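Novice: Just a sequence and a predicted model for now, questions to come.
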Amino acid sequence: MFKKLFGKGKEVNKNTEVFAPITGQYIQIEDIPDPVFAQKMMGEGFGVNPSEGEVVSPIEGKVDNVFPTKHAIGLKAENGLELLVHIGLDTVQLDGEGFEVLVDSGDTVNVGDPILRFDIDYIQKNAKSTNSPIIITNSDQTSDINFAEATDLIKGETKIADVTMK
């Protein structure tokens, strides 16, 4: 009610296009070799087997959270969609080694803006996997998620999903 009274009638678009944040191969979430992600305990999503070490924003929005260990970044779209871009598996143990964060919490980002760089060789040698889950952490607040048929991904260019918020 208050939104209608004081929101100046601005309607937020409930639809968000999600693009590939990393160049590489598409992985279905169920095929990520980690049960927390594969069983969707953190939410719906997909994975990327990266072929390079640069991450770009997959959505337009704000940087919501930069993890102190630099292995993951949370993003939030204007309509409330929350995405977690998680680089590799068991990378929290690297304590930031091999990662360079390019954004700060609160920064506004557009699709394709660089947000993180990582040393792919270092992660291959020191973590469980370079497979990188991209998770919609508030999947329960979506009404529809449609994944595109994709295999080869180009960061910032390949559309992966259309997400509609409730």
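Specialist: Ah, there it is.
Novice: Can you name the next helix or strand after the helix or strand containing residue 74?
Specialist: Assessed by DSSP states H and E, residue 74 sits inside strand 72-76. Sequence-wise, the next helix or strand beyond strand 72-76 is strand 82-86, with elements assigned using DSSP H and E.
Novice: Need the contact partners of whatever helix or strand comes next after that next one.
Specialist: The C-terminal neighbour of strand 82-86 among helices and strands, as given by DSSP H and E, is strand 99-101. Strand 99-101 has contacts (C-beta atoms under 8 Å, 6 or more residues apart in numbering) with 66, 69-71, 73, 87, 91, 115-119. (C-beta placed from N, C-alpha, C; glycine too.)
Novice: longest helix anywhere in this protein?
Specialist: Ranked by number of residues, the top helix in the chain under DSSP state H is helix 120-126.
Novice: so what's residue 135 up against?
Specialist: Residue 135 makes contact with 29, 37, 42-45, 83-84, 86 under the criterion C-beta under 8 Å, 6+ apart.
Novice: And the residue most central in space within the chain, how far from residue 102?
Specialist: Among the residues of the chain, residue 85 comes closest to the average C-alpha position under C-alpha atoms, centre = their mean, at 3.2 Å. Taking C-beta to C-beta, to the nearest Å as the measure, residue 85 and residue 102 are separated by 12 Å.
Novice: what sits in contact with each of those two?
Specialist: By C-beta under 8 Å, 6+ apart, the residues touching both residue 85 and residue 102 are 115-116.
Novice: now the strands for this protein?
Specialist: 15-19, 24-28, 44-50, 54-56, 61-66, 72-76, 82-86, 99-101, 108-109, 114-118, 132-136, 142-147, 152-153, 159-165 (DSSP state E).
Novice: looking at those, which is closest to residue 125?
Specialist: Set against residue 125 and scored by C-beta to C-beta, the strands of the chain come closest in strand 114-118, at 12.6 Å.
Novice: The closest one versus strand 61-66: what angle between them?
Specialist: When axes from the mean of the first three to the mean of the last three C-alpha atoms, to 10 degrees is applied, the directions of strand 114-118 and strand 61-66 differ by 40 degrees.
Novice: Report all helices and strands that strand 114-118 contacts.
Specialist: strand 54-56, strand 99-101 (3 or more C-beta pairs under 8 Å, 6 or more residues apart in numbering; DSSP states H and E).
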